[in-house]
Structure formats: C-alpha cells, structure tokens
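> structure, please.
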Amino acid sequence: MKAKNLVRIILLAVIGAAVGSWAMKEFGPSKAFTGTFRPDGVTVINFHGEKRCRTCIGIGNLARKAIDTEFAAGEKAGKVHWETVNYDEPANVHFVKDYSLVSSTVLVTLWKDGKEVKWNRLDAVWDLVGDEAAFKAYIVQNVRELLKQS
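From the prediction side, this is the model:
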C-alpha cells in the first residue's frame, strides 16, 4: 500500500511539474507584450535570444538597474514599465521584424491610448556596456525623452 501511494505522489509531482513548465512558457513574463494592449507611458524592453552571452546578460542587467535607480517613482506611478522578451520564442518572433532586431538590445517605446506612437532601438548599448555611467546616461536620456512626449 505504501509503494502504491508513493508511485501516486511521484506521478502527481511529475504531472504538476509538466503543467507548471507549460504554464510558465505559455503565460510567463516574456509573453506579456505579445498582445495588442500595452499600458500607456514608456515601456523599456530588453530583447534577447534564447542563448545569451555574458555581454547580452550584462546589457539587460545594466538597463534594469538604470530603470530601477532613476525611474522607481515612474514605475510605481505606472508611467514607466520594464519588460524582458525572448525574441526566439515562437510567439515573439514577430518582434525581430517589427523592430529590425539583429541581436540583444534595449528598446524604449511610447504608448498612448494603447497604441505605440514612437520607439527607439538603443543599439549603442553594445558600445557602452563596458562603461556603466555612460550606459546608464544613455538609457536615462532616451527614457526621459519619451516621457516628455507622454
């Protein structure tokens, strides 16, 4: 009887893990912007592929750090939003064409009434990733530029 219960528990755990894995892939954070609605304000998106080099990871970390330190109040007020998107996932492949992505990068977008009105792809993040202060200034400048237009 104990062996039978143990087998049941193991099977339920395996099924639960499979369902959880599927749910994260299907509804996880990288899928948040695959629909047509986006919140008004400025959205900063760290686009990356499935395989990420040290520099790609650094770009995402530095960009997130810049947003967290400079725009915490804007995030809390719902005026600045952060998103990470894996453009290699099937539901996100369209972003490669939409924004002419060729590698990991940061995109700053302005949304009004649920529509994208402007976007800037920040390709210079690759050149600035080794200089944290310059990198941060570049991100902050671009976000502030679009916030002024919101």
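
> how far away is residue 68 from residue 114?
As judged by C-beta to C-beta, to the nearest Å, residue 68 and residue 114 stand 25 Å apart. In short, each C-beta sits where N, CA and C put it, glycine included.

> tell me the pLDDT at residue 135?
pLDDT for residue 135: 97.

> please apply the same query to residue 125.
Predicted confidence (pLDDT) for residue 125: 96.

> please name the residues that touch it.
With contacts defined as C-beta atoms under 8 Å, 6 or more residues apart in numbering, residue 125 is in contact with 59, 62, 63, 105, 106, 135, 138, 139.

> among these, which lie within strands?
105, 106 (DSSP state E).

> filter the contacts of residue 125 to the buried ones?
59, 62, 63, 105, 106, 135, 138, 139 (16 or more other C-beta atoms under 10 Å).

> dump these to JSON lines, plus distance to residue 80.
Listed next are the buried ones among the contacts of residue 125 as JSON lines, based on distance: C-beta to C-beta, whole Å:
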{"residue": "59", "distance to residue 80": "18"}
{"residue": "62", "distance to residue 80": "16"}
{"residue": "63", "distance to residue 80": "12"}
{"residue": "105", "distance to residue 80": "18"}
{"residue": "106", "distance to residue 80": "13"}
{"residue": "135", "distance to residue 80": "17"}
{"residue": "138", "distance to residue 80": "16"}
{"residue": "139", "distance to residue 80": "11"}
